[in-house]
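Student: okay, predicted coordinates and the sequence, questions at the end:
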Amino acid sequence: MQESVITIEFIPDGSEDAPLLLIYGDDIPSARELFHSIRSLWSDGRASIAIHDLQGFIGVGDVELYFHLSDKNSGVIQSQERFRFDCYLSADMWEHVEGLLEPFCDRYYRSGEHRYQWIMDSGEISVIYSTQRGW
């Protein structure tokens, strides 16, 4: 079984404007897994993806993160289940998010270099993708 290398962590007081989901880790294959899963939402019309179940991903403290294809761009919403988060975006917005993740999939990227990208800042909760636990 592969060791999890990308972590999903909920930080309630993460940013000045909103709580934060931080997806972090320095692993190109896992970044590509996320990239291609997001592509399946907007290009193949896949209804939803459980990000925490992707190979190489794990949620801190039972965090579950689901990405959904939607007609509306609601962003990330925390469900009644304390550590479940659902993100609803249109195909166009998922394509945009995919583009924001593309630099993290580059095989010429130098491991150990700290980089991050806000990938969602609409809705109740913001999301950052980072190579380290920080931004």
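Tutor: Arrived safely, thanks for sending. Numbering: from 1, shown residues only.

Student: now name the helix or strand holding the residue nearest the centre of the chain.
Tutor: Nearest to the mean C-alpha position of the chain, counting by CA atoms, centre = their mean, stands Ile23 at 5.6 Å. Using DSSP states H and E, Ile23 sits in strand 20-24.

Student: next SSE after that strand?
Tutor: Next along the chain from strand 20-24, counting by DSSP H and E, comes helix 28-44.

Student: mean confidence (pLDDT) on that following helix, please.
Tutor: Here helix 28-44 scores 90 as its mean pLDDT.

Student: distance from the following helix or strand past it to the middle of the chain?
Tutor: For helix 28-44, the following helix or strand on the C-terminal side (DSSP H and E) is strand 48-50. Here strand 48-50 shows a centroid-to-chain-centroid distance of 11 Å under the convention CA atoms, centre = their mean, to the nearest Å.

Student: go ahead and name everything in contact with strand 48-50.
Tutor: Outside strand 48-50, the residues within contact range by CB atoms under 8 Å, 6 or more residues apart in numbering are Ser37, Ile38, Ser40, Leu41, Glu64, Leu65, Tyr66, Phe67, His68, Leu69. Every C-beta, even on glycine, is put in place using the N, C-alpha and C of the backbone.

Student: identify the farthest-apart pair in the residues you listed.
Tutor: Ser40 and Glu64 (18.7 Å; CB to CB).
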